[in-house]
Every structure is written in structure tokens, then in C-alpha cells.
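sequence and predicted structure are below.
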Amino acid sequence: MPHFRVTRRLGLKTALAAAVALPLSSTAASPVSASAEEREDGRLEVMSFNLRFASTTAPNSWAVRRPVMRALLHRERPHVLGTQEGLYQQLQDIEAGLGAHYDWIGTGRAGGSRDEFMAIFYDTRRLAPVEYDHFWLSDTPNVIASNTWGNASIRMVTWVRFRDLRGGGREFYVLNTHLDNASQYARARAASLTAERISGLDRSLPVIVTGDFNVPAHGNPVYDTMLGAGLVDTWDAAAERGELYGTFHGYKPLVPGGPRIDWILATPGVTVHRAAINTFAQNGQFPSDHLPVQASLDLG
């Protein structure tokens, strides 16, 4: 069962928060970083990945995708991984492959282990959680499973305040979310609420936001709202970046230059050395219907 390891803010009384050791194994070409054991430059490797929930539907069932997912994540081994759509058993499967040095924090969007998680995985050799919490993208954000804006599904944010064990104890925040796929109104309200919550954090600390925003970067007021919260798009800010592809492919041929609906955002003091969209597949099988996005960061 999930177990509690870090301090939570008061106000959210019954959400299940899982901090479980996650193992993930892999064999993919890394567009951003060397293996965790080889990293000596102090950069923080961050990934955002919509996992596609664990469906049994052929030909892209979770049973088929799981070893490809393991291969990708074992090779990349990000220090921080914000995931979307993961179901509890699916996250346990990732735990079983990632290794003893990883933990994760999250809760189901319908409460407890029910429904999809906005889980945040982290490398315990590099990071220690200080506090965490969740809020729901609704008019009643502290009410578990609340949905008041016409979202097609319950939507939420999980956030963690981390201490960087290799960065002189520097602390920073990670927020992870998945905005609605159907309602622009709900997405706009969600972005505004998230921006408001970011403004209430300790602004002396860096902030990183990972997520599937379900709208293109540069092409929607949601993007403008998030950047208006004092964030920059790590793709644009990167000193070096890989080839651009649409991050949702739906198991169809990749679209060069396509829309980025999955983003990693950060506060301006964060240096972005490299950003990439990972196109890893094995024998034509992708691990998800989205491509993961990655950024190599220096928190400053």
C-alpha cells in the first residue's frame, strides 16, 4: 500500500498520497541526458509524459506497451517525471521497472486509488520531498473529485516541494497537471487557478510545471495565462533543442513541426540547457499515444 513520507499542508483531509519506490527499466536512445549514474554536471533532468491509461484494447494495450515504456524510462531515468493518465496498477508496473532509487507521489483524481493520477516520480539519490499536496481544477479546489467547469473528466494538480540533495539543499516546486480535452472554458479556468496557486508559493524558489495542456503552445490563451504566471516555456528558452514533433500522435505517423500540447514550464531564473521531444519506439511500437518532452535544467 502507498505510504506517507512527507509533510502535507492542512486542508486536504482524505486524499491518498502515494510515495512508493518506483522501478523502471529501459533501452532507449536518450535525446537529453546520460544515465543517472553518469551525471556529474549537476543538471536536473525533467520529463513530462502522458502515459496513456492502461487499456486492454489491441493493438496498443498496456501489456504490449509496458516493456517499451520500461525501455524508454530505464535509459532516460529523469530526476523528475510528471506523468498524466496513469492508473494505480499502471504506476505500480512502472514502479516495478524503475528501480529502488525512485519514489512517487500522487493520488487518484477521483480520490484514493481511483481513476487517473497526476503522479510525480523522483530520483531519491538527487531529491527529497519536503511537502506536497493536491488541488482539483474546479470552483472548490480542495474538494476531492470536484468538477464544476464542464470538464469532460475530473482534472487536478499534484505539487511537491523538493530539496535538491546535490544542489546545496536548494528547494524548488514541481506542479503536474492534465487539462481537459473537451472544454476550452474549463482549460482557461484551470490555467487561471493554477496561476493563482503558483502565486501563493514561496516565490524565492524555482517552480517547474509539467503537464498535458491539450492546447498548442503559442496558440491558445491557456498558454498565455501560464506564461503570465511568471513562467517560461523551456522549449523556447533552451540553448539547444531537438527536432520538433507534435507531442500527441495517437499511434499514427509522427508530425514534424506539429503542435506541442505537452509542456515543461519553469520560472525565468532556471537555465535551460537542452529541450527535446523523445520519439523512442521499439519495432514500431510507441510506449504511449503521446511523446514525452524533456528538459535539462540548472535551477540557478
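Received it, and whenever you're ready, just let me know what you need. Numbering: from 1, shown residues only.

go ahead and confirm Asn142 touches Phe135.
Yes - applying Cβ atoms under 8 Å as the test, Asn142 and Phe135 come out as touching, 6.4 Å apart. Placement of C-beta: from N, CA and C, glycine included.

who has more neighbours out of those two?
For Asn142 versus Phe135, the count of surrounding residues by other Cβ atoms under 10 Å is larger for Phe135: 24 against 15.

could you check the pLDDT of the more buried one?
Looking at Phe135, its pLDDT stands at 98.

for it, which non-adjacent residue is closest in space?
Spatial nearest neighbour of Phe135, excluding adjacent residues (Cβ to Cβ, 6 or more residues apart in numbering): Pro141 at 4.0 Å.

that neighbour in helix, strand or coil?
Of the three states, Pro141 takes coil under DSSP: H, G, I helix; E, B strand; the rest coil.

ok, now His273?
His273 is classified as strand under three-state DSSP.

look up phi and psi at the closest residue to Leu227 other than its chain neighbours.
Nearest non-adjacent residue to Leu227, counting by Cβ to Cβ, 6+ apart: Asp233, 6.9 Å away. With angles defined as degrees, to the nearest 10, Asp233 sits at phi -80, psi 120.

next: Ser199.
Backbone torsions of Ser199, given as degrees, to the nearest 10, read phi -70, psi -20.

one more: Tyr223?
According to degrees, to the nearest 10, Tyr223 has phi -60, psi -40.

which intervals of the stretch 51-200 of the chain have sub-threshold pLDDT?
Within the stretch 51-200 of the chain, no stretch has pLDDT under 70.

where along it do the helices fall?
Here the stretch 51-200 of the chain has its helices, by DSSP state H, counting those that start in this stretch, at 62-76, 88-98, 184-199.

need those in JSON lines (columns: mean neighbour count and distance to Thr124).
Shown next, in JSON lines, are these (neighbours: other Cβ atoms under 10 Å; distance: least, Cβ to Cβ, whole Å):
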{"stretch": "helix 62-76", "mean neighbour count": "21", "distance to Thr124": "16"}
{"stretch": "helix 88-98", "mean neighbour count": "20", "distance to Thr124": "11"}
{"stretch": "helix 184-199", "mean neighbour count": "19", "distance to Thr124": "25"}
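
between those, which one is nearest to Gly211?
helix 184-199 (8.8 Å; Cβ to Cβ).

would you mind measuring from Ala281 to His218?
Distance from Ala281 to His218, counting by Cβ to Cβ, to the nearest Å: 27 Å.

tell me how far stretch 291-300 is from the chain's mean position?
How far stretch 291-300 lies from its chain's middle: 11 Å, per Cα atoms, centre = their mean, to the nearest Å.

re the thing from before, my guess is the residue nearest to Leu227 meets Trp263, correct?
Yes - taking contacts as Cβ under 8 Å, Asp233 lies within contact range of Trp263: 6.3 Å.

which neighbours do the two share?
217, 223 (Cβ atoms under 8 Å, 6 or more residues apart in numbering).

more crowded one of the two?
Trp263 (24 against 20).

any idea what the more buried one is bridged to?
Residues in a beta bridge with Trp263, per DSSP bridges, are Gly211.

local confidence estimate at it?
pLDDT, Trp263: 98.

beta partners of the residue nearest to Leu227?
Leu265.

just give me how far stretch 265-282 sits from the chain centre.
Relative to the mean C-alpha coordinate of its chain, stretch 265-282 is positioned 12 Å out (Cα atoms, centre = their mean).
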